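Undergrad: Here is a sequence with its predicted model. Questions after.
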Amino acid sequence: MSLPAIARRAVLGALAAFAASPTLAAGKPRVAIVTDKGMIVVELEDKKAPITATNFLYYVDKHRFDAGQFFRANRAKGAPGAGSIQGQPKLYSRRAPPIAHESTLKTGLKHKAGAISMGRDAPGSATADFFICASAQPYLDAKPGKSDAAQGYAVFGYVVQGMDVVKKILAGRTDGVTNVPSMKGQILNPPVKILSMKRV
């Protein structure tokens, strides 16, 4: 089901206004993530995290996030509004090979509020799943050490519009089914639909 006509026109109008904004002069690529809860715009740090940003844009340009979803809301205990939301391409979409891990120690980017970062298992296993921080999460940054955990996650940009939408998604109902014990109580029910992603 798509957005109602009025809501769709409002999103398109906001997108057009944003595209015309003089703030785009910075030259960093920006992507509009249109969901059934509203629009989020992210600006990618393609100079500091070129591998990760280029990989994300590959999926955007191939329209593989269209009909995707935000499926997880990982809320921080005892801190309302804190945590992250996780998104993925449409189900069964073809994925490119995993990319090299760009450590925050090398990029200088941090998991502050609004950061967009790659989901992964082991370092170097990330493909397309990503997450957006609704609050600062410094424990996700890389730290000196050789363990998988010490290498942290790869930030590659920041939200420049739509943090209210991020918070709205984070606050969603999370009693969805999962076979991953660590995600119990974090699966959005229903998931939030990604209607489209495109450069702006």
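TA: Nice, I can see it.
Undergrad: And the strands in the protein, which stretches?
TA: Counting by DSSP state E, the chain has strands at residues 30-35, 38-44, 68-75, 83-88, 115-118, 130-133, 155-161, 187-199.
Undergrad: Buried residues, the last one. List them.
TA: When neighbours are counted by 16 or more other CB atoms under 10 Å, the buried residues of strand 187-199 are found to be 187, 188, 191, 192, 193, 194, 195, 196, 197. Just so you know, the C-beta spots here come from the backbone N, C-alpha and C atoms, and that holds for glycine as well.
Undergrad: What of stretch 28-47?
TA: Within stretch 28-47, the residues that count as buried by 16+ other CB under 10 Å are 28-46.
Undergrad: Ok, stretch 152-168 next?
TA: Applying 16+ other CB under 10 Å to stretch 152-168 flags 152-162, 165-168 as buried.
Undergrad: same check, this time on stretch 105-120
TA: Under the neighbour-count criterion of 16+ other CB under 10 Å, stretch 105-120 has 107, 109, 110, 111, 113, 114, 115, 116, 117, 118, 119, 120 buried.
Undergrad: and residue 114, what is it in contact with?
TA: Residues near residue 114 by CB atoms under 8 Å, 6 or more residues apart in numbering: 132, 133, 158, 159, 160, 163, 166.
Undergrad: and with 10 Å instead?
TA: Contacts for residue 114 (CB atoms under 10 Å, 6 or more residues apart in numbering) come out as 40, 42-43, 132-136, 157-163, 166.
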